[in-house]
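Asks: I would like to see how this sequence folds:
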Amino acid sequence: MQYRVQGIVIRTTDYGEGNKIVTLFTREYGKMGVVARGVKKVKSRYGSTVQLFTFGDYSFFKSGGLGTLNHAEIIEAFHKIREDLHKAAHASYLAELTDRMMGDQEGEPFLFDQMKASLQAIQEDKDLQIIGHLYEMKMLMHAGYQPELEQCVVCGQAAEPAVFSIGLGGMMCERCRLRDPQAFPLTPGVYKLLRLFVRMDVRRLGQIDVKPQTKTLLKEMMRAYFDQHVGLRLKSRDFLDQMDKYGV
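Replies: Okay, here's the model as predicted:
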């Protein structure tokens, strides 16, 4: 069957001497793998079209497992991302997160739009951490792990939030907070951002100014929540942690 799709390159793997296996995140069909033959050769006309993060039009024939690429055109190359270490590292995290959490040919048009908008936001110099958390929340919601932020996870009352329980999966009120001694304190700033991440479309993200202490607490909470409920070990996240550790 012949496919013609718009897709984002989220992973590439060398295959033989001159070929690559390219994983595309497509709007209509979700994640799809295609073989791009000869793209490692200097004169290949498709070499630039299968670089990581590239958004383009792709045509390929697929009858069983992997498809075979027979045409590709770049729509947006996202050069600024690949030319900047910090941008590339954060974009790689989003790409790996998508690759690991999405099943093959699991069409999710909304998530595709969020991924493309996240890359655009990274290219436009918007806050890298906030972009990452926004996309993380969309993936959590897709996987069925959306945290409870509207009512206490213990008593069910829509009371003023006091803490956030990683293990119980959401906010707790003052009366119930002792049910989880390890719960994170839920400051107004962090609570507002968590609810924003659930409701906001990445395509509407503007410039945002968040206090450093709020971002630190938010990062700790999101990391702990992902580790508890999703449990994926991602090389790209380890690399981001190394960059933070050594102040790169």
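
Asks: In this protein, mark out all the helices, start to finish.
Replies: Assigned by DSSP state H, the helices in the chain fall at 79-82, 85-101, 109-123, 128-143, 188-199, 212-229, 235-245.

Asks: now the ones you listed as a markdown table including mean neighbour count and distance to residue 157?
Replies: All C-beta atoms are positioned from the backbone trio N, CA, C, and that covers glycine. Output for the helices of the chain, formatted as a markdown table (neighbours: other Cβ atoms under 10 Å; distance: least, Cβ to Cβ, whole Å):
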| stretch | mean neighbour count | distance to residue 157 |
| --- | --- | --- |
| helix 79-82 | 15 | 44 |
| helix 85-101 | 20 | 32 |
| helix 109-123 | 20 | 31 |
| helix 128-143 | 20 | 23 |
| helix 188-199 | 17 | 16 |
| helix 212-229 | 16 | 22 |
| helix 235-245 | 14 | 35 |
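
Asks: Sheet-wise, list the partners of the lengthiest strand in the chain with their directions.
Replies: Criterion DSSP state E: the longest strand present in the chain is strand 2-15. Strand 2-15 has the following sheet partners, assigned by DSSP bridges: strand 19-26 (antiparallel), strand 55-61 (antiparallel).

Asks: Dump the ones you listed to JSON lines, plus distance to residue 217 and mean neighbour count.
Replies: Formatted as JSON lines, the strands paired with strand 2-15 follow (distance: least, Cβ to Cβ, whole Å; neighbours: other Cβ atoms under 10 Å):
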{"stretch": "strand 19-26", "distance to residue 217": "31", "mean neighbour count": "23"}
{"stretch": "strand 55-61", "distance to residue 217": "34", "mean neighbour count": "19"}
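
Asks: right, and these - which one's nearest residue 128?
Replies: Among the strands paired with strand 2-15, the nearest to residue 128 by Cβ to Cβ is strand 55-61 (18.8 Å).
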